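*Asks:* just to be clear, the model below is a prediction. Sequence and coordinates:
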Amino acid sequence: GESVGLHLPTLSVQEGDNSIINCAYSNSASDYFIWYKQESGKGPQFIIDIRSNMDKRQGQRVTVLLNKTVKHLSLQIAATQPGDSAVYFCAENIYNTDKLIFGTGTRLQVFP
Amino acid sequence: DTGVSQNPRHKITKRGQNVTFRCDPISEHNRLYWYRQTLGQGPEFLTYFQNEAQLEKSRLLSDRFSAERPKGSFSTLEIQRTEQGDSAMYLCASSSKGQANNEQFFGPGTRLTVL
């Protein structure tokens, strides 16, 4: 299949370890953020989201942290599995607009 | 499958030809978005519709690009006189205006290669 993001930053982790993927966003007026997972040859898949009035949100095995002071977003994946291998993108929604602005992706590689 | 669908999945064309892609959103979603993604980059916004109205167009959308959503359901994206720089993955997403958040669901994309 086709590779998404041939020259992206890469995070390599061992199966079972926790992963932390970071993202810096650009606009202080952004009020909503989403993490997407993109596997080779596929469209982005929604993982978890967070509004700007929160600083933490948890899902199943995933946690998103938001630090508005430094405009930083992180995605934590617990007990990383081989199926988590993909490119991960953060996206921001600027207040009162309807488009998403995507950050530079991070490739996650999970080794057995 | 009730997700966003796109056709074709792959398109190879010669420079100068016209191409048209189709997107079928999730049926109850009234918003539809087009994005373009090149290798190594995140998706870039092109345009979006609320029902049949095209509400915003990016500066990336040159006059060779046109998008329609005539009945507020499926949408088409046409590229006229294709150039090699148009080679990319074209992604469609949909969402519902009634949602509290702008959670967009993406289709599998159409991979365009211009020779």
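*Replies:* Nice, thanks for sending it over.

*Asks:* please report how far the most centrally placed residue in chain A lies from B:Gln41.
*Replies:* Most central residue of chain A, judged by C-alpha distance to the mean C-alpha position with C-alpha atoms, centre = their mean, is A:Trp35 at 3.8 Å. Remark: distance between A:Trp35 and B:Gln41 (C-beta to C-beta, to the nearest Å) = 17 Å. C-beta coordinates here come from the backbone N, C-alpha and C atoms, glycine included.

*Asks:* again with A:Phe89
*Replies:* The separation that A:Phe89 has from B:Gln41, given C-beta to C-beta, amounts to 10 Å.

*Asks:* between the two, which one's more packed in?
*Replies:* A count of neighbours by other C-beta atoms under 10 Å in any protein chain shown puts A:Phe89 above the other of A:Phe89 and B:Gln41, at 28 against 18.

*Asks:* and the helix or strand where the more buried one lies, what does it pack onto?
*Replies:* Secondary structure from DSSP states H and E places A:Phe89 in strand A:86-94. For strand A:86-94, the elements it packs on are strand A:30-38, strand A:72-77, strand A:100-102, strand A:106-111, judged by 3 or more C-beta pairs under 8 Å, 6 or more residues apart in numbering or on different chains; DSSP states H and E.

*Asks:* can you work out which residues contact both of A:Phe89 and B:Gln41?
*Replies:* By the contact definition C-beta atoms under 8 Å, 6 or more residues apart in numbering or on different chains, A:Phe89 and B:Gln41 are jointly contacted by A:104-105.

*Asks:* how about the residue in chain B that chain A sits nearest to, phi and psi?
*Replies:* Chain B approaches chain A most closely through B:Gly42 (3.0 Å), counting by C-beta to the nearest C-beta. Comment: the main-chain dihedrals of B:Gly42 come out as phi -80, psi 160, following degrees, to the nearest 10.

*Asks:* what residues does chain B put near chain A?
*Replies:* Near chain A, the residues belonging to chain B are B:4, B:6, B:31, B:33, B:37, B:39-45, B:48, B:50, B:55-56, B:58, B:91, B:93, B:101-109, B:111 when assessed by C-beta under 8 Å from any C-beta of the partner chain.

*Asks:* adding mean pLDDT and distance to B:Leu115, write the helices and strands packed on strand A:86-94 out as a markdown table.
*Replies:* A markdown table is the format used below for the helices and strands packed on strand A:86-94 (pLDDT from 0 to 100; distance: least, C-beta to C-beta, whole Å):
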| stretch | mean pLDDT | distance to B:Leu115 |
| --- | --- | --- |
| strand A:30-38 | 93 | 26 |
| strand A:72-77 | 96 | 38 |
| strand A:100-102 | 92 | 28 |
| strand A:106-111 | 95 | 28 |
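
*Asks:* could these go into JSON lines alongside distance to B:Asp86?
*Replies:* What follows is the helices and strands packed on strand A:86-94, written out as JSON lines (distance: least, C-beta to C-beta, whole Å):
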{"stretch": "strand A:30-38", "distance to B:Asp86": "21"}
{"stretch": "strand A:72-77", "distance to B:Asp86": "31"}
{"stretch": "strand A:100-102", "distance to B:Asp86": "19"}
{"stretch": "strand A:106-111", "distance to B:Asp86": "25"}
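
*Asks:* out of these, the one nearest A:Gly16 is which?
*Replies:* Distances from A:Gly16 to each of these were compared by C-beta to C-beta, and the smallest falls on strand A:106-111, at 9.1 Å.
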